[in-house]
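Undergrad: Have a look at this prediction, sequence included:
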Amino acid sequence: MKLAVFGASGRTGQHIVRQALEAGHEVAALVRNPSKLNFSHERLHITQGNVQNVANVETVIAGVDAVLSTLGPTNNTADHQVTKGTQNILVAMKKHGVRRLVISAGAGVGDPNDKPTLIHKFFGLLVKVLSRNAYEDMMQVVGVVRQSDVDWVIVRVPRLTDAPATGSLKVGYVGKDIGTQLSRADMAMFMLQQLESNTNLRQAPAISN
């Protein structure tokens, strides 16, 4: 399978790229700074550019079978760059006939199946107060994806760690079935599994270790 990966140079994105290559996939990655993706592979194709640039996004998506994105706000500004980038991804997917999209979001971005406790509500309120613009950006990202006609899966995650992969995950919804942290390696594993599984199709599960 040939995959387009956005956010590939990030701490989670690098796990996705490495695991995808280890599984035999071909990877097309769009990165601002190729030096941050500090490894090479014959099946890794890097395009230097910006997700805000429609032409860059189309270059990466043309000819792929599926798209993964771990894009998230890098600052708390009101320009909603992740939303704009995600809209570019969806437009390019439609143009090139790509159906499967797997994206990540924080567990604080709610879902109707959540049953948040008072503690969840408190920390959710704290995020909204301290990082209002970043929170609203990801809310809009999730909204745009939900309204699209692609085969999407939204993977919602708690606090991320750099612990080694465990291969053991809890999959559920906030306040019901999940814990408070997740290793980036396990997150990458789960996102890659969603490429060929329909279990969570058009759903937004929350996962943890």
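TA: Received it, and whenever you're ready, just let me know what you need.
Undergrad: make it CA atoms for all contacts and neighbour counts henceforth
TA: OK.
Undergrad: Residue 72 belongs to a helix?
TA: No - using DSSP: H, G, I helix; E, B strand; the rest coil, the assignment for residue 72 is coil, not a helix.
Undergrad: okay but it is in contact with residue 136, surely?
TA: No - the pair residue 72 / residue 136 is not scored as a contact, 11.4 Å apart, by C-alpha atoms under 8 Å.
Undergrad: what residues does stretch 56-69 touch?
TA: 1-7, 13, 28-30, 47-51, 88-89, 92-93, 96, 98-104, 191, 195 (C-alpha atoms under 8 Å, 6 or more residues apart in numbering).
Undergrad: Ok, stretch 164-172 next?
TA: The contact list for stretch 164-172 (C-alpha under 8 Å, 6+ apart) reads 177-179, 183-186, 189, 205-209.
Undergrad: mind checking how far residue 94 is from residue 101?
TA: Separation of residue 94 from residue 101 (C-alpha to C-alpha, to the nearest Å): 11 Å.
Undergrad: Between those two, which is the more surrounded one?
TA: Taking other C-alpha atoms under 10 Å, residue 94 and residue 101 do not tie; residue 101 has more neighbours (25 against 13).
Undergrad: Give me the sheet partners of the one helix or strand that one maps to and which way each runs.
TA: Assessed by DSSP states H and E, residue 101 sits inside strand 100-106. Strands that pair with strand 100-106, judged by DSSP bridges, come out as strand 66-69 (parallel), strand 151-157 (parallel).
Undergrad: Can you list the buried residues in stretch 74-82?
TA: Buried residues in stretch 74-82, counting neighbours by 16 or more other C-alpha atoms under 10 Å, are found at 80-82.
Undergrad: export those to CSV and tack on distance to residue 64?
TA: Shown next, in CSV, are the buried residues of stretch 74-82 (distance: C-alpha to C-alpha, whole Å):
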residue, distance to residue 64
80, 26
81, 23
82, 21
